[in-house]
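Peer 1: Provided below are the primary sequence and the corresponding predicted coordinates.
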Amino acid sequence: MAARAALWNDPRLRAALFQAAVIAGVVALGAYLVHNTLVNMARQGIATGFSYLDREASFEIGESLIRYTPADSYGRALVVGLLNTLLVAALGVVLSTVLGTVIGIARLSRNWLVRKLALVYVETLRNLPLLLQLIIWWDVLRVSAPPPRQAWEPLPGVFLSVRGIVFPVPVYSPVYRDMGIAFVAALLAGWAVVWWGRRHRARTGRAVPTATMAVALALGAPLLAFLAGGAPLAWDWPTLRAFNFAGGLSLSPEFAALLFGLTAYTAAFIAEIVRSGIEGVSRGQTEAASALGLKRGQTLRLIVLPQALRIIVPPMLSEYLALTKNSSLAIAIGYPELMSITNTTLNQTGQAVEAIALMMAIYLAISLVISLAMNLYNRRIAFVER
Amino acid sequence: MPPRAFGWMRANLFSSVGNTVTTLVALYVIARVAWGVVDWGIVHAVWTAPGGRACEAASHGEGACWAFLREWYRFILFGRYPYFEQWRPLFVVLLFVALLLGSCDRRLWGMRIALLWGAGLAVNLWLMLGGVFGLTYVPTELWSGLPLTLILAIVGLALAFPLAIVLALGRRSRMPAVRGLCVAYIELVRGVPLITVLFMASVMLPLFLPEGTTIDKLVRAQAGFVLFYAAYLAEVVRGGLQAIPAGQEEAADALGLGYWRKTRLVILPQALKIAIPPLVNIFIAGFKDTTLVTIIGLFDLISTASNAITDPNWRGFYVEAYGFIALLYFVFCFFMSRYSQALERSLARDRR
């Protein structure tokens, strides 16, 4: 029998001992911190636990998606903040994707001047701190913008003043609901048409312009519903009252600054992702497509984009996540999102540990949902290696 | 016009009708913007204005008030640091810049530059804090502006780096408990915004410590910064570790090296070299993110600038103030990002 190594040199035992030591260290540190926290909170007379969420918040919130008064609870205030975070994140994601894609494609333009302008945009916005950009946007909207009486009117009915931005919105009519239903129905029908077109092409080899048909359906059906409903076109126009605008839909300067700042900043990063995604598709693919006689638009749509999306989507989702987390900088300009509401709450109640833990848990949950989506997508599009 | 330039313009600016229209529109926009800047920054600008009086008249959006910067640039750069001691933060900034520029040269990388950084940090700490060797003591509450930003970024990332290496190695460890802890830490931190971590450091840290201990506000913010950036740096280091072929590790095992010697002599030197360009990118992000400390009440460049424009005589010159610090941030970040790109190319050449 071979001589066995000394017990002390058995790698498995050493690993087990080392891990036990690490865990014991972490647990001891955690217990020490919790103990200190409890002692400190008891000394300052702060009750622990989340019961503060049911107490009356008694602070105003400037803008809210749901009904909220100062008589509501801290819990409801937190929900208001979360909804505001999600609102600005959702709008920011859509707008920055559009702007970033446009700039990313402009970076590859055949026009030298357009290319360089896009480059200047990307380099400038990427290399300045987001917080500084937000503060500049906010000052532009608060300080440089005129008072409501001399509001700028870049488009008829759209007013920009120190009170924010107001624009006209259509007055609700049941016809709009029918238009929505018609649109959804048209999307389903369009999907069916595309599906049929694909089968038809596979069977007969003849292509049908299904994409054009689907777009025509999606645009035409709501239009028909609109005309059939008597074309109701009542707009709620903003009008100047004593010191402010009444009517229309208004965005506060805080919200507008946050949305513009996040969008402009994130678009610079998205532009680089889009550019590298398109460049990542090898030239041979484009050349092969033109050898097959595909037009430029067809090449982009059928050959380049499907392959580029594989490269683009994962980092894009990280940017969306970063945008959502960056919306917490709103605390510097006073837009009432999750972070600001938490800050007010912990200042009023002293429940620092609970409030911050709750906020971090919410951000973490948002992050987890986005990473889950990312993993699902990655699994779907992963290259099937031969 | 030489024919080559003509041909270039034809190919790049006027190749088709649509292209020509785009070029003309772009030229028009550029000309308008350039004229606006010249008109505002030179034609209508006010260069001297004792006490801010002359600027008030000229400042209805028509011209820049460069007199504002002449009056306030020292406050924006060094903030509340005692006026007659401001040569000290100036020296600190210059030393940091010299060290950063020196570190760009790949021939100097190694033990020497690390020692140089250690010495530089010690000298800078002495210059900022004082209290010994003939310098008067300046408490950290008075540290502000550009030196504060540089200290937060450089010291923060220098301290986060060793922690990041431990986390990255732990994440690749074969021991489930160690791996689990490291994964949990990294993902937890990466899932929350930096400002929440800074808030935790500034509000909750005092609660975590035994009764009666107080820590400096700057140290608290720095601690939050280090804990946050360690997670991001760890992911970059992990990327470097993953890029090393398994053969390297197997060869080290075959030579009979133990875990620590293998890691120190074979794995890390190669992994860190690969990780340098993304590390520079994290450094840029960290440099920009130092602005967040203004939210928890530290007096960084944004605070000094926004304080300067609340002075009753110089109220509202936010374009000049923020433009000035934006230029500072841009110069640092643009230079570093260009450097990172160049480095990536030259390292890729080496590997071929």
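Peer 2: Looks like it came in fine. Numbering: from 1, shown residues only, chains lettered A, B, ... in the order given.
Peer 1: near chain A, which residues of the stretch 251-352 of chain B?
Peer 2: Neighbours of chain A within the stretch 251-352 of chain B, by CB under 8 Å from any CB of the partner chain: B:284, B:288-292, B:294-295, B:302, B:306, B:316, B:318, B:322, B:325-326, B:329-330, B:333-334, B:337. Glycine gets a C-beta too; all of them are placed from N, C-alpha and C.
Peer 1: tell me which of these fall in helices.
Peer 2: B:284, B:288-289, B:302, B:306, B:318, B:322, B:325-326, B:329-330, B:333-334, B:337 (DSSP state H).
Peer 1: looking at these, state which has the most neighbours.
Peer 2: Highest neighbour count within these: B:I302, with 27 neighbours (other CB atoms under 10 Å in any protein chain shown).
Peer 1: pLDDT score for it?
Peer 2: The model reports B:I302 with a pLDDT of 91.
Peer 1: so what's it up against?
Peer 2: Neighbouring residues of B:I302 by CB atoms under 8 Å, 6 or more residues apart in numbering or on different chains: A:129, A:131-132, A:135, B:291, B:294, B:325.
Peer 1: returning to that earlier point: output the ones in helices among the residues of the stretch 251-352 of chain B next to chain A in TSV, with distance to A:G75 appended to each entry.
Peer 2: Shown next, in TSV, are these (distance: CB to CB, whole Å):
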residue	distance to A:G75
B:I284	39
B:K288	35
B:D289	31
B:I302	33
B:S306	34
B:Y318	38
B:Y322	38
B:I325	40
B:A326	40
B:Y329	39
B:F330	43
B:C333	41
B:F334	46
B:S337	44
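Peer 1: quick one: contacts for residue 349?
Peer 2: In the absence of a named chain, chain A is used. Shown in contact with A:T349 (CB under 8 Å, 6+ apart): A:52, A:55, A:74, A:355.
Peer 1: hmm, I had chain B in mind actually
Peer 2: Applying CB under 8 Å, 6+ apart, no residues qualify as near B:R349.
Peer 1: low-scoring stretches of the chain, by residue?
Peer 2: Unless you meant another one, I'm taking chain A. Residues of chain A that meet the criterion pLDDT under 70 lie in A:1-5, A:242-243, A:382-386.
Peer 1: if you could check chain B rather than the one you did, that'd help
Peer 2: B:1-2, B:51-54, B:56-61, B:351-352.
Peer 1: centroid-nearest residue for it?
Peer 2: Nearest to the mean C-alpha position of chain B, by CA atoms, centre = their mean, lies B:F287 at 1.8 Å.
Peer 1: skip the chain neighbours and tell me the closest residue to B:P210.
Peer 2: Leaving aside its sequence neighbours, B:P210 sits nearest to A:N36 (CB to CB, 6 or more residues apart in numbering or on different chains; 5.5 Å).
Peer 1: element containing the one you found, please.
Peer 2: Assigned by DSSP states H and E, A:N36 falls within helix A:11-44.
Peer 1: who are the packing partners of whichever helix or strand comes after that helix?
Peer 2: Going down the chain from helix A:11-44, the next helix or strand is helix A:74-106, by DSSP H and E. Applying 3 or more CB pairs under 8 Å, 6 or more residues apart in numbering or on different chains; DSSP states H and E, one finds that helix A:74-106 contacts helix A:112-126, helix A:253-279, helix A:305-326, helix A:338-349.
Peer 1: how about the ones you listed, which one is nearest A:F59?
Peer 2: helix A:338-349 (5.7 Å; CB to CB).
Peer 1: mind checking how far that closest one is from the chain centre?
Peer 2: Helix A:338-349 sits 23 Å away from the centroid of its parent chain (CA atoms, centre = their mean, to the nearest Å).
Peer 1: now do that helix against helix A:253-279, angle only.
Peer 2: 140 degrees (axes from the mean of the first three to the mean of the last three CA atoms, to 10 degrees).
Peer 1: in helix A:338-349, what counts as buried?
Peer 2: Neighbour-count burial for helix A:338-349 flags A:338-346, A:349 (criterion: 16 or more other CB atoms under 10 Å in any protein chain shown).
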